[in-house]
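Asks: Please work out how this folds:
(chains A and B)
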Amino acid sequence: METNGVGGSAADMSRILSELETLKTAKNDIDRRISALEAQLRDTTNIQDKNDTVSNGSCPLISAVHSNINHDLTPDSVYRYSRHLLLPSFGVQGQSNLLKSSILVIGAGGLGSPALLYLAACGVGRLGIVDHDVVELNNMHRQVIHTEAYIGQPKVKSAAATCRSINSTVQIVEYQEALRTSNALEILSQYDIVVDATDNAPSRYMISDCCVVLGKPLVSGAALGLEGQLTVYNYNGGPCYRCLFPTPPPTSACQRCSDSGVLGVVPGIIGCLQALEAIKIAGAVGEPLSGRMLLFDALSARIRIVKIRGRSSQCEVCGENSAFTQQQFKNFDYEKFTQAPLSTLPVKLNLLPEDSRISSKEYKEKIDNGEAHVLVDVRPEHHFKIVSLPNSINIPLASLEVRLPEISKALKEEDNSGSGASLYVVCRRGNDSQRAVQCLQKMGFNSARDIIGGLESWGHDVDPNFPTY
Amino acid sequence: MQLTLEFGGGLELLCESVKIHKVNVDPPNGPEKFIMKDLLSWVRTNLIKERPEMFMKGDSVRPGVLVLVNDCDWELSGQLDTTLEDKDVVVFISTLHGG
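Replies: A predicted model of the protein is given here:
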């Protein structure tokens, strides 16, 4: 794109994008209507075929068989779900239960994607999807329900479109909003089974408490890095989330996929298992994973199923003497309880006085002016390998104190004029860099300053071609 | 006494990213009685290399850590008073929240 044409091109681009979106929405809508009509047509033809057979009287046996169908599956459903019906342990009864059930999936991300795909495909009667987020490029490696065409669009819309394209006979309900205590009771009460596919501690406590208050079984899955966990809470006298974890963990123990990373297929596996547990409960078959927990370690290829405690009589929410009501639920502050936000937006700390910080633009000016300085990048080594600023030295925050001599040496080497070299610290988003500056100033590096907003702000404000992750 | 200790859900980061530790511990109160309480202080001294507060709080594990003795929640066997035997497998696992 040429610089002098930016204004016109930007307007053009936005017009094209908006037209594309309108067309795509219309196309999805038409696709949906086509599949629904096709399904209707198949049903009608099947019935007509059978009626024809009856009316010409040539084959009274078939008519007798027809009248012997004592379930409510349509001919089209019999065909679509035939492989389920052929399972002796699932069969007509299991499928029939499934078709009458309603399941709510909270979160259309790494866990929710595969869970939703299977729940839509298997023929749940009504399937609700809750999510407030939009599809991003860095979701695509694990959130397999979304396609590139939906980047920038609400995950709920994208997930619902995929579900409908797989199975137009399932009623899909979209909740394009964040789950809060103000809307949770209203939404969850409309479903038989709840699937927790969220990504943070306060949501997990909130969803579990809400399920206890409403008496709903909860299929809970979690995945991070190369590990996953799965269990069913509040089912048949089993424990709730709070029976297991009465006190929330410290926030420093709650890692997120956006910080610690996650191998895409790991939440995929746990999400599939969540769908399986939900199908077992809805179909009333087998032994749901209640009172037990599945621990999955992808790297060593090991799955361990352990016995966990039963319902705790002392549990503050589901225990014998608990009087946790819907009203108390509505008033409960889950963010305060867990000291963590319900949304997964990164925290922005403000630990330093203004004169100990510079913006990424100011830092760029210092480089352009040839200021003698040392730039210390305090991210972990594997982050540094993804991308780094030229001439920065990598000293991870955890080893900063023992590697101070390296900084002193670098400062001496840079100091050509004898008037001293400046010391700047950078990290990914500008939180660890502040902690590092606090530490450096305590250790005598009084002029240390951090770059506000870290490499993210460098990519945003200085160099748009700088890779972000 | 030979024990297998496993750390997961991120706790392995506190012991140099090693998940499985086959260890030999000498019961301090004679050979017949070694309980989980003894094991926790042994682990803290011998295996935890950084941020012990991410593993323990007071004389127990911190909130959010599940302890499993032979694949069974330690709540069912007496928690800190659970008696350990030779060849037992003890798992410490931090609950995950990601998705």
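Asks: now residue A:182, what's its secondary structure?
Replies: helix (DSSP: H, G, I helix; E, B strand; the rest coil).
Asks: Residue numbers of the stretch 51-200 of chain A in contact with chain B?
Replies: For the stretch 51-200 of chain A, the residues found near chain B under the criterion Cβ under 8 Å from any Cβ of the partner chain are A:107, A:109-112, A:197-200. Where you see a C-beta, it was placed from the backbone N, CA and C, and this is true even at glycine.
Asks: Neighbour-wise, give me the winner out of those.
Replies: Within those, neighbour counts (other Cβ atoms under 10 Å in any protein chain shown) peak at residue A:111, which reaches 36 neighbours.
Asks: Which residues are in contact with that residue?
Replies: Residue A:111 is in contact with A:197, A:221-223, A:267, A:270-271, A:274, B:99, counting by Cβ atoms under 8 Å, 6 or more residues apart in numbering or on different chains.
Asks: measure residue A:125 to chain B for me?
Replies: 25 Å (Cβ to the nearest Cβ, to the nearest Å).
Asks: got a list of what that residue touches?
Replies: Contacts of residue A:125 (Cβ under 8 Å, 6+ apart): A:98-102, A:170-171.
Asks: Just the residues you listed: which are in strands?
Replies: When the contacts of residue A:125 are checked against strands (DSSP state E), the matches are A:102, A:171.
Asks: Tell me the buried residues within the contacts of residue A:125.
Replies: A:98-99, A:101-102, A:170 (16 or more other Cβ atoms under 10 Å in any protein chain shown).
Asks: Just the closest of those residues to chain B, please.
Replies: The closest of these to chain B turns out to be residue A:102 (Cβ to the nearest Cβ; 21.5 Å).
Asks: Just give the nearest non-adjacent residue to that closest one, would you?
Replies: Leaving aside its sequence neighbours, residue A:102 sits nearest to residue A:126 (Cβ to Cβ, 6 or more residues apart in numbering or on different chains; 3.9 Å).
Asks: Please look at that neighbour and residue A:169 and confirm they touch.
Replies: No - counting by Cβ atoms under 8 Å, residue A:126 does not reach residue A:169; the two are 11.0 Å apart.
Asks: quick one: contacts for the closest residue to residue A:356 other than its chain neighbours?
Replies: Leaving aside its chain neighbours, residue A:356 sits nearest to residue A:449 (5.2 Å; criterion: Cβ to Cβ, 6+ apart). The contact partners of residue A:449, taken as Cβ under 8 Å, 6+ apart, are A:355-358, A:422-425, A:437.
Asks: what are the phi and psi values for residue A:449?
Replies: Residue A:449 adopts backbone torsions of phi -140, psi 150, taken as degrees, to the nearest 10.
Asks: And the residue of chain B closest to chain A?
Replies: Closest point on chain B to chain A, by Cβ to the nearest Cβ, is residue B:64, at 2.7 Å.
Asks: and that residue, what is it in contact with?
Replies: Residues near residue B:64 by Cβ under 8 Å, 6+ apart: A:245, A:247-250, A:253, B:94-95.
Asks: rerun that using 6 Å as the cut-off
Replies: A:249, A:253, B:94-95 (Cβ atoms under 6 Å, 6 or more residues apart in numbering or on different chains).
Asks: do the same with residue A:212
Replies: Contacts of residue A:212 by Cβ under 6 Å, 6+ apart are A:234, A:240, A:317-318.
Asks: picking up where we left off before, with secondary structure and pLDDT as extra columns, can I get the residues of the stretch 51-200 of chain A next to chain B in a markdown table?
Replies: Compiled in a markdown table, these are given as follows (DSSP: H, G, I helix; E, B strand; the rest coil; pLDDT from 0 to 100):
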| residue | secondary structure | pLDDT |
| --- | --- | --- |
| A:107 | coil | 98 |
| A:109 | coil | 97 |
| A:110 | coil | 97 |
| A:111 | coil | 98 |
| A:112 | helix | 98 |
| A:197 | coil | 98 |
| A:198 | coil | 96 |
| A:199 | coil | 93 |
| A:200 | coil | 92 |
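Asks: all helices of the stretch 151-300 of chain A, in order?
Replies: With DSSP state H, counting those that start in this stretch as the criterion, the stretch 151-300 of chain A has helices at A:155-166, A:181-188, A:201-214, A:241-244, A:257-260, A:265-283.
Asks: what's the longest one in contact with?
Replies: With contact meaning Cβ under 6 Å, 6+ apart, helix A:265-283 is reached by A:94, A:97-98, A:101, A:103, A:110-111, A:114-115, A:118-119, A:122, A:142, A:193, A:195, A:217, A:219, A:221, A:223, A:226, A:228, A:230, A:232, A:286, A:288-289, A:298, B:99.
Asks: Only the buried residues of that helix, if you could.
Replies: Across helix A:265-283, burial judged by 16+ other Cβ under 10 Å covers A:265-283.
Asks: do you know how far the closest residue to residue B:83 other than its chain neighbours is from residue B:81?
Replies: Excluding the flanking residues, the one nearest residue B:83 by Cβ to Cβ, 6+ apart is residue B:35, at 5.5 Å. Relative to residue B:81, residue B:35 is positioned 6 Å away (Cβ to Cβ, to the nearest Å).
Asks: what about these two, which has more around it?
Replies: Counted by other Cβ under 10 Å, residue B:35 and residue B:81 do not tie: residue B:35 has more neighbours, with 16 against 10.
Asks: how about CSV for the residues of the stretch 51-200 of chain A next to chain B, with distance to residue A:307 added?
Replies: CSV is the format used below for these (distance: Cβ to Cβ, whole Å):
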residue, distance to residue A:307
A:107, 27
A:109, 29
A:110, 27
A:111, 24
A:112, 28
A:197, 24
A:198, 25
A:199, 27
A:200, 27
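Asks: The spatially closest residue to residue A:181 that is not a sequence neighbour: helix or strand, and which one exactly?
Replies: In this structure, residue A:181 finds its nearest non-sequential neighbour in residue A:330, 5.1 Å apart by Cβ to Cβ, 6+ apart. Assessed by DSSP states H and E, residue A:330 sits inside helix A:326-331.
Asks: Quick one: list the elements packing against that helix.
Replies: With contacts defined as 3 or more Cβ pairs under 6 Å, 6 or more residues apart in numbering or on different chains; DSSP states H and E, helix A:326-331 has these neighbours: helix A:201-214.
Asks: Now do the helix it packs on and helix A:181-188, the angle between them.
Replies: 50 degrees (axes from the mean of the first three to the mean of the last three Cα atoms, to 10 degrees).
Asks: how far does helix A:201-214 sit from the chain's center?
Replies: Chain-centre distance of helix A:201-214: 17 Å, with Cα atoms, centre = their mean, to the nearest Å.
Asks: With just CA atoms, put that helix into CSV.
Replies: This file holds the C-alpha atoms of helix A:201-214, laid out as CSV (Å, rounded to 0.1, in the frame of the first residue of the first chain):
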residue,chain,number,x,y,z
ALA,A,201,-10.8,-19.2,38.2
PRO,A,202,-13.6,-16.8,39.1
SER,A,203,-15.8,-18.2,36.2
ARG,A,204,-15.2,-21.7,37.5
TYR,A,205,-16.4,-20.9,41.0
MET,A,206,-19.3,-18.8,39.7
ILE,A,207,-20.5,-21.6,37.3
SER,A,208,-20.1,-24.3,39.9
ASP,A,209,-22.1,-22.3,42.5
CYS,A,210,-24.8,-21.5,40.0
CYS,A,211,-25.1,-25.2,39.1
VAL,A,212,-25.5,-26.1,42.8
VAL,A,213,-28.1,-23.4,43.3
LEU,A,214,-30.0,-24.7,40.3
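Asks: so for it, what's the average pLDDT?
Replies: Taken as a whole, helix A:201-214 carries a mean pLDDT of 97.
Asks: The residue nearest to residue A:181 contacts residue A:184, doesn't it?
Replies: No - judged on Cβ atoms under 6 Å, residue A:330 makes no contact with residue A:184 at a distance of 8.6 Å.
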